[in-house]
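# Provided below are the primary sequence and the corresponding predicted coordinates.
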Amino acid sequence: MNKMDVINKLGEDLRLNQKIAKIAVDTIIDTIKNAIINGERVEIRGFGSFSLRNYKSYTGRNPKSGEVVHVEPKRLPYFKVGKELKDMIWKP
């Protein structure tokens, strides 16, 4: 499922035209992105939480050439699955 599929599903379920559904989805995504960029944690109960993780620099290896490389510190977005969603997925 991609972004357009989400927009179409939202439009169908709520009987919205595609333009309004697209604005709603874009607003939600932009709100989550901006919060993460600003170092905030976004929690959606039953679904999961989005946050920013800081990683230290380290010495790695290029898997193709075997060359030792220095990897700079970085900040990456992180998603942790919520308990309710995890339980739904793991349910036998």
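All right, it came through fine.
# give me every residue that touches Arg61.
Residues counted as contacts of Arg61 (Cβ atoms under 8 Å, 6 or more residues apart in numbering) are Glu67, Val68, Val69. The way it works is simple: take the backbone N, C-alpha and C, and place the C-beta from them, glycine included.
# Now do it, the pLDDT please.
pLDDT, Arg61: 95.
# so how far is Asp87 from it?
From Arg61 over to Asp87 the distance is 38 Å, taken as Cβ to Cβ, to the nearest Å.
# just Ser57 next, same as before
37 Å.
# Which elements pack onto the longest helix anywhere in the chain?
Ranked by residue count and defined by DSSP state H, the top helix of the chain is helix 18-37. Counting contacts by 3 or more Cβ pairs under 8 Å, 6 or more residues apart in numbering; DSSP states H and E, helix 18-37 is packed against helix 3-14, strand 42-44, strand 48-55.
# Present the ones you listed as a markdown table; the columns should include distance to Lys91, mean neighbour count and mean pLDDT.
Output for the helices and strands packed on helix 18-37, formatted as a markdown table (distance: least, Cβ to Cβ, whole Å; neighbours: other Cβ atoms under 10 Å; pLDDT from 0 to 100):
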| stretch | distance to Lys91 | mean neighbour count | mean pLDDT |
| --- | --- | --- | --- |
| helix 3-14 | 23 | 13 | 96 |
| strand 42-44 | 20 | 13 | 97 |
| strand 48-55 | 17 | 13 | 96 |
